[in-house]
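Visitor: I'd like to go over a predicted model; first the sequence, then the structure.
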Amino acid sequence: MLEFRVIDIKDKERITSALNISQFMGCEYSFSNNMAWRRLADSKIAFYKDFYICCSFASEDGIPRFFLPSGEGSYREVISVMKQYAASLGKPLRVSGVTDSSLEMLSELYPDGFTVDTDDGDWDYIYSSADLIELPGRKYHSKRNHLARFNEIGAEFSLMTEKDFDDCITFSAIEYNNKANMSDHSFIAEQFAINTYFNYFNELGLTGGVIRIGGNVAAFTIGDRLNDETFCVHIEKADTNYNGIYAGINNSFSKAAAVGYKYINREEDLGLEGLRKSKQSYNPAFLLKKYTVTFK
């Protein structure tokens, strides 16, 4: 029987090894994300042979949501074990983070053995790193204009060091305190995630960027390697009182952190209209479709 527990920084080597084998592109296949966002949906982890399994135990219908295991071995075998675990809870096996190629693999193993759902709010926005660095052509004309305005406000960008941590945490806390619905669980989970990123910044192998104006933090962002071709941006905060600030932190960080990667994953839009409009405005190379399968 699988044994689930809370993820720990000591798990990094084993989990990262499994993630490197699978080379999945979804943002949920990041040790840093799994570590930082574990409180959002009560996520816990387990291992089966050479597979790594993450599962969210908080859901509206009470059905745990497993993510497709990463690693190597027999998927038929590991899914059988996952089915047994779900059955012990009196629930069907539900697996998320399934991309087109993984869906094809599961369909071959279990023809007509599951139902499929998808929510485009969960799809990841994947960008060409060259596009976000160079902002080429007519499609990025407005972004170049935003960047020009940003360049006029006397902002200074630098890669994040430990000297920036306290100021960035303070900046994030002020933004959180200014939210009208600051007691919302997702905002509380975000603060936990941000604090985790800073508390384990070096151990997680993260890269961050900071924009200061007049010596004060006006924006910061954090990301790290997702797979051999993809860099993932995990968090991005900016003071919108400054024109072009998001264009500035996006472009500056892409130049500083994503050189050598083919793609940048800027994660999902959660179905939020404003966030969706913003992410679409950067002309993604494609959206990484992700499905949830529920076994019969």
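Guide: Looks like it arrived, so ask away. Numbering: from 1, shown residues only.

Visitor: residues in contact with stretch 41-59?
Guide: Residues external to stretch 41-59 that are found in contact with it (Cβ atoms under 8 Å, 6 or more residues apart in numbering): 2-7, 11, 14-15, 18-19, 21, 28, 34, 37-38, 64-67, 69-73, 77-78, 81-82, 96. For every residue, glycine as well, the C-beta is placed using N, CA and C.

Visitor: return a PyMOL selection command for the buried portion of those residues.
Guide: Buried residues among the contacts of stretch 41-59 (16 or more other Cβ atoms under 10 Å), as a PyMOL selection:
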select buried, resi 2+4+7+11+15+18+19+28+34+37+38+64+65+66+67+69+70+71+78+81+82+96
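
Visitor: which members of the contacts of stretch 41-59 occur in strands, if any?
Guide: Among those, DSSP state E puts 65-67, 70-71, 96 in strands.

Visitor: chain center to the one helix or strand residue 157 maps to: distance?
Guide: If you go by DSSP states H and E, residue 157 is part of strand 156-159. From the chain centre to the centre of strand 156-159 is a distance of 23 Å (Cα atoms, centre = their mean, to the nearest Å).

Visitor: after that strand comes which helix or strand?
Guide: From strand 156-159, the next helix or strand downstream (DSSP H and E) is helix 165-177.

Visitor: which residues sit against that next one?
Guide: If you take Cβ under 8 Å, 6+ apart as the criterion, helix 165-177 is touched by 160, 182, 187, 190-191, 194-195, 198, 201, 208, 210, 216-217, 220, 237, 239.

Visitor: buried ones in it, by neighbour count?
Guide: 165, 168-169, 171-172, 175.

Visitor: now do stretch 236-245
Guide: 236-239, 242, 244-245.

Visitor: and of those, the nearest to residue 118?
Guide: Closest approach between those and residue 118, by Cβ to Cβ: residue 236, at 25.3 Å.

Visitor: just to revisit the earlier point, can you name the two of the ones in strands among the contacts of stretch 41-59 that are farthest apart?
Guide: Taking Cβ to Cβ, no two of those sit farther apart than 65 and 71, at 18.7 Å.

Visitor: for the one helix or strand residue 126 maps to, name the packing helices and strands.
Guide: Residue 126 belongs to strand 124-128 when assigned by DSSP H and E. Here strand 124-128 touches strand 263-265, strand 286-288, going by 3 or more Cβ pairs under 8 Å, 6 or more residues apart in numbering; DSSP states H and E.

Visitor: how about JSON lines for those, with mean neighbour count, distance to residue 250 and mean pLDDT added?
Guide: Formatted as JSON lines, the helices and strands packed on strand 124-128 follow (neighbours: other Cβ atoms under 10 Å; distance: least, Cβ to Cβ, whole Å; pLDDT from 0 to 100):
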{"stretch": "strand 263-265", "mean neighbour count": "26", "distance to residue 250": "9", "mean pLDDT": "98"}
{"stretch": "strand 286-288", "mean neighbour count": "17", "distance to residue 250": "18", "mean pLDDT": "98"}
